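Peer 1: sequence plus predicted model, see below.
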Amino acid sequence: MTAVTDRQKLQYITARAADARVNVELETEGMTLNIGPQHPATHGTLRIVARLDGEQVIAAEPVAGYMHRGYEKIAEVRTYAQVTTLVNRIDWLGSFANEVPFILAAERLMEVEAPPRAMWIRTILFEMSRIANLILFLGDMGVQLGAITPVFFAFRDREYVLDQIERVTGGRFHPNFDRIGGVKDDLPKGWLEDTKAVMEKVRSFCDEIEDLLMGSEVFQQRTRGIGIIPPDVALQYGLSGANARASGIDWDLRRDNCIGLAYPEVDWKVWTHPDGDSFARFWVRLQEVREASRIIDQLADGVPSGPIMAKVPRIIKVPAGEAWISTENPLGEMGYYVVSQGDLTPFRLKIRSASFNNISITPWLLRGVYVPDIVTILASLYFILGDIDR
Amino acid sequence: MSDTPSSPRPKLPKPQLPGVLKGLGVTLRTAKETMFPDGLLRPPAPSRGAATVQYPHEKEEPAPRARGVITLVEDNCTACMLCARECPDWCIYIEAHKTLAPPRREGGKPRQVNALDRFDIDYSLCMYCGICVEVCPFEALFWSPEYEYSEPRIADLLHDKERLGEWFETVPDFEALEAGSEVKVKKVPR
Amino acid sequence: MSAAVLGIELAYWQSTLIRVVAGLVAVLLLTGGVVYLYLFKFVSFMQSRLGPMEAGPYGSLQLLAEVGKWLQKEDIHTEDSDRLVFGLAPAVVLSSTFLMFVVIPAGPDLVIANLGTGVYYVLAVSALSVLGILMAGWASANKYALMGALRAGGQLIAYELPMVLAVLGVVIMAGSLNLQDIVAAQAGGEIFGFSGIGNPYVLTQFVAFAVFMIAVQAELTQTPFDMPIAESELVAGYQVEYSGIRFLVYFISEFATAVAFAAVASTLFLGGWALPTSWGLSAGVMNVVGPLVVATKAVLLVGVVFWVRFSFPRFREDQLQKLAWKVLIPIALANILVTAVFKVAF
């Protein structure tokens, strides 16, 4: 076909992709496939450099960084309120969830505790962002596999959740609602009742997805037994969230290390699945959406009355110290390590984002799989580029 | 199978259709609900049954708290520069000069106040975070849910003092809050 | 159309010309209608949205707008591509589609060429599109297009067999390969002495009908068998390097082939243009009503194809090959056996 030999291509890739740390052996067979930064299968600008032998992958390496925005550096020159508004944009689908661990870390440094009403409102919005995020995953997994209808249902029913978030915070996607010491505003009248109605819609959406997508034999054939992650390997690679729970690891920070949120007051369950394949990851997230809707129903019934802000000074100068807080975000375990030297801005902010560790397993996981299964596996691991690259 | 959910769904024994047929049923039912939102006996009305809002022929009502555009009440502004300082994007441009205002009482001294020369918000930079509205101590900035102000030229997205003041009519009143709230609902100074 | 229909004597070339032009117009109109109805509207309603609404009333002129858009695009080709093969490939695919319509009858006298081996001809000519796809994949000078084309070739050839075997059951029942005879046999037949609805073969050959429809879904490379087109590593498979009017040709041929296969299926299984003979309609009436009848039946079957297309995820290549070879072909063979036994016994 073309006059450029495989060897010349290898040299080109080696030279250009030095930063990708791709180990390219000088093979005379096999084709290097660049599932490049622009591709419908990757959630944004992720690049997977895969070496293929016919239909099977010999080696694959993800190349991230196409969306690096320098969050940790820019946080050093922004006040805490400004950082709160910026970190909304890390995991942009469940954006309230990004603010929570940061605010909790700052509150720990200031030794301030949010009043109970603020804690409950925070938890409700945290779970709503989880629902918004995971509903999109349920639809998106269908699209990656070729079923184009579920994603429309996902966007349609996600709008109700986003409308509720907009009614409280003013922003559908970037709420910017958490404050050190509490939350910004109180709930508008009638919001709790409407939220319960929205949760009914969310549950009916889950039933629809179960009938349309999960129960379909085609879907099961495409996902069962594909991309099996054993639990010990999952722990070695630092997988968290639903990816770990789908391999049978019973670990959920909302139950095991709950800080500053109202989960101990609610009766809920952690879902795990022993298989560890793509189907398990889909199934666990589906159950988590249902569980989140039930959590919100219980929370909505029992919001305590009281103030929504603790006493904090107008100009916030966080005392010197270090704090690490991680929470169970929709994508996995997200944590912030805040180092403060008593200024208006953090001295150093380290963000542990879930997707970065979640895709670290792709070289191990993608060996020997067929090319169509690459898409299935990436879709089931569910990462967001903003979360990987920050 | 090990994936039996322990959710409170009733476990009635029902005949199991193969999954593919159930999937077909879901899509057909959605098509029917979209085409005949009033049931099969009435004429089809897909414009109502579909989830689509046909903008610009139909428009949705945004929530009262929706962050559409920021409006300025010039009389309240003292050019303290807090909003310009706190903005993460530095998209607020303020220029003011000191001037003498008439005394409050007869025979008193003239007061020194700041008079605004320029108060621009650059909406091409604005992140719609709301920090400026929140930190203003003098109730000079308010949110309005208006969103239809897109321009063909980016330079026209810089709203000056007059234009910012024009948005004030669209500012809704602050809503009543849920039961159990101890926050006093603020009033918009009209 | 014979002299009986028009009442005047026509030379052979004149009647052929009229038939061909009328056939082309009918096919294109039907394809356009099907595209609007199913691709724009039905799928939108299934997804709880409205589809195109601005171009014309309720978006009915959207296809015209799309055609105009594709026509005015630049005709690009890759530098290494084989220009002649690259340009011919869409023509091969489109011609295989139009050749299928040559034998499909729309009335007692409304058929472009009433071949004695109509069924054989239709199935053979529908397989020509494989050649066009392979030509497209090779001539694109694109690794991924070639991979897509090879997968498509494998899939289409694999699913030819269940299609042929399913049709054999119908041929055994009708006793002829001629499509007009098959239609007549269905219209004039009776079920246990009841001739109210004739004897559409879908009732007795339901297994063959199911196998045929699944094979048609695969022949059209529609989901759940659309690995060649909506591939994981590529968005359009063998069509990826095509733009402008050449892509339009692929688009039209995809839907025209859907209509063609549906018309064949309705002729073989649903009775084609005929209403039951017991209803006592004369040949003259049927020459007018027949095209509408067969069009309705074909459009309904195309609806089923698209309904399935938008409801399912797609199979992996090896899974769909397994389905063809290990499931559909044995079922079709068993169907032939049973049909033959019953035909001889009763």
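Peer 2: Yep, that arrived.
Peer 1: partner strands of the longest strand along chain B and their direction?
Peer 2: In chain B, assigned by DSSP state E, the strand with the most residues is strand B:111-122. Sheet pairing for strand B:111-122, assigned by DSSP bridges, gives strand B:92-101 (antiparallel), strand B:158-159 (antiparallel).
Peer 1: nearest approach to residue A:35 belongs to which of those strands?
Peer 2: Distances from residue A:35 to each of the strands paired with strand B:111-122 were compared using CB to CB; the minimum, 41.6 Å, belongs to strand B:158-159. C-betas here are computed from N, CA, C, even on glycine.
Peer 1: next SSE downstream of that closest one?
Peer 2: For strand B:158-159, the succeeding helix or strand toward the C-terminus, using DSSP states H and E, is helix B:161-166.
Peer 1: for that next one, buried residues please.
Peer 2: B:161, B:163-165 (16 or more other CB atoms under 10 Å in any protein chain shown).
Peer 1: and of those, the nearest to chain A?
Peer 2: Checking the buried residues of helix B:161-166 against chain A by CB to the nearest CB gives residue B:164 as the nearest, at 18.0 Å.
Peer 1: just give the nearest non-adjacent residue to the closest one, would you?
Peer 2: Using CB to CB, 6 or more residues apart in numbering or on different chains and skipping the chain neighbours, the partner closest in space to residue B:164 is residue B:72 (3.9 Å).
Peer 1: next one: residue B:158
Peer 2: Nearest non-adjacent residue to residue B:158, counting by CB to CB, 6+ apart: residue B:122, 4.9 Å away.
Peer 1: you'd agree that neighbour is up against residue B:87?
Peer 2: No: with the criterion set as CB atoms under 8 Å, residue B:122 and residue B:87 do not qualify as a contacting pair; they are 9.8 Å apart.
Peer 1: re earlier: what about the residue nearest to residue B:158, how many neighbours?
Peer 2: In terms of burial, residue B:122 registers 17 neighbours under the definition other CB atoms under 10 Å in any protein chain shown.
Peer 1: ok, now the one 5 residues further on?
Peer 2: Taking other CB under 10 Å as the neighbour definition, residue B:127 ends up with a count of 19.
Peer 1: how much space separates it from residue A:80?
Peer 2: 16 Å (CB to CB, to the nearest Å).
Peer 1: what of residue A:222?
Peer 2: When distance is defined by CB to CB, residue A:222 is 46 Å away from residue A:80.
Peer 1: out of those two, which sits in the more crowded spot?
Peer 2: Neighbours of residue A:222 and residue A:80, each counted by other CB under 10 Å, are more numerous for residue A:222; the result is 27 against 24.
Peer 1: just after the strand or helix carrying that one, pick out the following helix or strand.
Peer 2: Assignment of secondary structure by DSSP H and E places residue A:222 within helix A:217-223. In the C-terminal direction, the helix or strand that comes right after helix A:217-223 (DSSP H and E) is helix A:231-236.
Peer 1: contact partners for the residue nearest to residue B:164?
Peer 2: By CB atoms under 8 Å, 6 or more residues apart in numbering or on different chains, the contact list for residue B:72 reads B:119, B:121, B:140-141, B:161, B:164-165, B:168.
Peer 1: who touches stretch C:188-202?
Peer 2: The set of residues external to stretch C:188-202 that reach it, using CB under 8 Å, 6+ apart, is C:169-170, C:173-174, C:185-187, C:203, C:208-209, C:268-271, C:274-278.
Peer 1: which secondary structure state does the residue nearest the centre of chain B sit in?
Peer 2: The centre of chain B sits closest to residue B:66, judged by CA atoms, centre = their mean, with a distance of 1.8 Å. The local conformation at residue B:66, judged by DSSP: H, G, I helix; E, B strand; the rest coil, is coil.
Peer 1: dump the residue contacts of the residue nearest to it when sequence neighbours are not counted.
Peer 2: For residue B:66, the nearest residue in space outside its immediate sequence neighbours is residue B:145; the separation is 4.1 Å by CB to CB, 6+ apart. Residue B:145 makes contact with B:62-68, B:170, B:172 under the criterion CB under 8 Å, 6+ apart.
Peer 1: most neighbours among those, which one?
Peer 2: Neighbour tally across the contacts of residue B:145 (other CB under 10 Å): the maximum, 25 neighbours, falls on residue B:67.
Peer 1: and residue B:102, what does it touch?
Peer 2: B:110-111.
Peer 1: quick one: pLDDT of it?
Peer 2: Among the per-residue scores, residue B:102 holds a pLDDT of 82.
Peer 1: tell me the domain ranges of chain B?
Peer 2: Structural domains assigned to chain B are B:19-49, B:69-178, following automatic domain parsing.
Peer 1: which of these has the lowest mean pLDDT?
Peer 2: Least confidently modelled of the domains of chain B is domain B:19-49, at a mean of 83 by mean pLDDT.
Peer 1: quick revisit: contacting residues for the residue nearest to residue B:158?
Peer 2: Applying CB under 8 Å, 6+ apart, one finds that residue B:122 lies in contact with B:91-93, B:157-158.
Peer 1: what residues does chain B have near chain A?
Peer 2: For chain B, the residues in contact with chain A (CB under 8 Å from any CB of the partner chain) are B:2-3, B:5-7, B:18-20, B:22-23, B:25-27, B:30, B:51, B:62-67, B:86, B:88, B:127-131, B:134-135, B:143, B:175-183.
Peer 1: give the ChimeraX command for selecting the buried subset of those.
Peer 2: Of these, the buried ones go into a single ChimeraX selection, burial set by 16+ other CB under 10 Å:
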select /B:3,19,20,22,23,26,27,30,62,63,64,65,66,67,86,88,127,128,129,130,131,134,135,143,175,177,178,181
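Peer 1: from the residues of chain B next to chain A, which ones fall inside helices?
Peer 2: B:19-20, B:22-23, B:25-27, B:30, B:86, B:131, B:134-135 (DSSP state H).
Peer 1: avg pLDDT for stretch A:53-66?
Peer 2: For stretch A:53-66, mean pLDDT rounds to 84.
Peer 1: typo on my end, stretch A:271-279
Peer 2: Throughout stretch A:271-279, pLDDT has a mean value of 89.
Peer 1: need the helices for the stretch 101-250 of chain A, in chain order.
Peer 2: If you assign secondary structure with DSSP state H, counting those that start in this stretch, the helices in the stretch 101-250 of chain A sit at A:116-145, A:150-169, A:191-209, A:217-223, A:231-236, A:242-245.
Peer 1: which of these comes out lowest on mean pLDDT?
Peer 2: Looking across the helices of the stretch 101-250 of chain A, the weakest by mean pLDDT turns out to be helix A:217-223, at a mean of 86.
Peer 1: what about that one and chain C, any contact?
Peer 2: Yes: counting by CB under 8 Å from any CB, chain C has neighbours in helix A:217-223: A:218-219, A:221-222.
Peer 1: farthest-separated two in the residues you listed?
Peer 2: In terms of CB to CB, the residues of helix A:217-223 next to chain C reach their longest pairwise distance at A:219 and A:221, which sit 7.3 Å apart.
Peer 1: neighbour count for those two, which is higher?
Peer 2: Summary of the neighbour comparison: residue A:219 and residue A:221, criterion other CB under 10 Å, with residue A:219 having more neighbours (29 against 19).
Peer 1: how about low-confidence regions in chain A?
Peer 2: A:1-6, A:8-30, A:40-42 (pLDDT under 70).
Peer 1: which ones are touching residue A:251?
Peer 2: Taking CB under 8 Å, 6+ apart, we find residue A:251 in contact with A:240, A:244-245.
Peer 1: possible to save these as JSON lines with distance to residue A:309 and neighbour count?
Peer 2: Formatted as JSON lines, the entries for those read as follows, by distance: CB to CB, whole Å; neighbours: other CB atoms under 10 Å in any protein chain shown:
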{"residue": "A:240", "distance to residue A:309": "31", "neighbour count": "27"}
{"residue": "A:244", "distance to residue A:309": "35", "neighbour count": "26"}
{"residue": "A:245", "distance to residue A:309": "35", "neighbour count": "27"}
